[in-house]
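Engineer: below is the structure, and that's it, no one-letter string:
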């Protein structure tokens, strides 16, 4: 007796759904454990928690050291986002519309930080700033984070530019606008979702960065991941789980926003 294609496909779909669910559970369970531990009543990271409390959140928000680290992370991430978009926008235009020798090589150089092991970049940047005397400064944090965040911004803006119909910009020029006016009033609004998505990815990269931040940190300036790393070496307080939960929560929020912007950009295209 021969089975119909639908009858044969049903077990395959069920197997695919089951495999996907198991993989998702494998990836999400550690995150769920961290969130649950942040509400545990034990003074150590014990699972399952003996009880539930929010005192660790109160301790986190009342501790000036943790709050300073969180504010430092926010400041560095915002500055990194602005710098990455400001540098990535003209770079993307040059790579998409430029007609010059070595354009493909230049694109490879800009995306290299996505391929090179991060520790190599961290050591090189640390050696440079140590020689210049800038280690432990806000400038060093932002520059080092821009190096690893810029490729994500460039790729996002390039994708938006490739989907944009340049003839619309040319039509604005024919109607009397200058090329700069056409780019500002026509092209920029059209590729805005890509610019915003690139900025969000840059923020996310900077917000979660720990390797470069450890190299750039000083006793006076530490980001939240660095504070978590140094605290983890001393004790296993649930406050670390609180900080991890906040990092995860903001990261998920940014990923959701970036995904929504990408869908909107595809629909508009």
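Structural biologist: Done, it's in. Values in this document were obtained by computation on a predicted structure and should not be read as measured data.

Engineer: if we look at the helix or strand in which residue 189 is found, which residues are touching it?
Structural biologist: Using DSSP states H and E, residue 189 maps to helix 188-190. With contact meaning Cβ atoms under 8 Å, 6 or more residues apart in numbering, helix 188-190 is reached by 160, 164, 168, 195, 268. For every residue, glycine as well, the C-beta is placed using N, CA and C.

Engineer: now stretch 124-133
Structural biologist: Stretch 124-133 has contacts (Cβ under 8 Å, 6+ apart) with 135, 137, 140, 143, 144, 147, 212, 215, 216.

Engineer: report whether the first one is found in a helix, as I expect.
Structural biologist: Pointing back at residue 135 there. No: applying DSSP: H, G, I helix; E, B strand; the rest coil, one finds residue 135 to be coil, outside a helix.

Engineer: show me what contacts it?
Structural biologist: Applying Cβ under 8 Å, 6+ apart, we find residue 135 in contact with 126, 129, 215, 216, 218.

Engineer: before we move on, what about the fourth one?
Structural biologist: Going by Cβ under 8 Å, 6+ apart, residue 143 touches 125, 129.

Engineer: swap in the last one?
Structural biologist: Residue 216 makes contact with 125, 126, 129, 135, 136, 137, 140, 141, 144 under the criterion Cβ under 8 Å, 6+ apart.

Engineer: what about 10 Å?
Structural biologist: 76, 122, 125-126, 129, 134-145, 209, 222-223, 226 (Cβ atoms under 10 Å, 6 or more residues apart in numbering).

Engineer: that one and residue 134: what is the separation?
Structural biologist: Separation of residue 216 from residue 134 (Cβ to Cβ, to the nearest Å): 9 Å.

Engineer: now the fourth one
Structural biologist: In this view, residue 143 and residue 134 are 8 Å apart by Cβ to Cβ.

Engineer: with residue 197 instead?
Structural biologist: 31 Å.

Engineer: show me which of these two is the more surrounded one.
Structural biologist: residue 197 (26 against 16; other Cβ atoms under 10 Å).

Engineer: is it true that the more buried one touches residue 152?
Structural biologist: Yes: Residue 197 lies in contact with residue 152 (Cβ atoms under 10 Å); the separation is 9.0 Å.

Engineer: and for these two, which residues touch both?
Structural biologist: Here residue 197 and residue 152 share the contacting residues residue 258, scored by Cβ under 10 Å, 6+ apart.

Engineer: how far off centre is the helix holding residue 189?
Structural biologist: Helix 188-190 sits 22 Å away from the centroid of its parent chain (Cα atoms, centre = their mean, to the nearest Å).

Engineer: in space, what's closest to residue 103 - neighbours in sequence excluded?
Structural biologist: Spatial nearest neighbour of residue 103, excluding adjacent residues (Cβ to Cβ, 6 or more residues apart in numbering): residue 95 at 6.3 Å.

Engineer: can you tell me which residues contact the one you found?
Structural biologist: Residues near residue 95 by Cβ under 10 Å, 6+ apart: 103, 104, 106, 107, 110, 154, 155, 157, 158, 161.

Engineer: quick one: which of these is nearest residue 255?
Structural biologist: Nearest to residue 255 among these: residue 155, at 15.7 Å, using Cβ to Cβ.

Engineer: can you count the residues close to that closest one?
Structural biologist: Residue 155 has 20 neighbouring residues, counting by other Cβ under 10 Å.

Engineer: how near is the residue most central in space within the chain to residue 99?
Structural biologist: By Cα atoms, centre = their mean, the chain has its centre lying nearest to residue 204, at 2.4 Å. Applying Cβ to Cβ, the value for residue 204 to residue 99 is 33 Å.

Engineer: surely residue 84 and residue 202 touch.
Structural biologist: Yes: if you go by Cβ under 10 Å, residue 84 and residue 202 touch, sitting 3.8 Å apart.

Engineer: intersection of neighbour lists for those two?
Structural biologist: When contacts are counted by Cβ under 10 Å, 6+ apart, residue 84 and residue 202 are jointly contacted by 145, 146, 148, 149, 150, 151, 152, 153, 154, 156.
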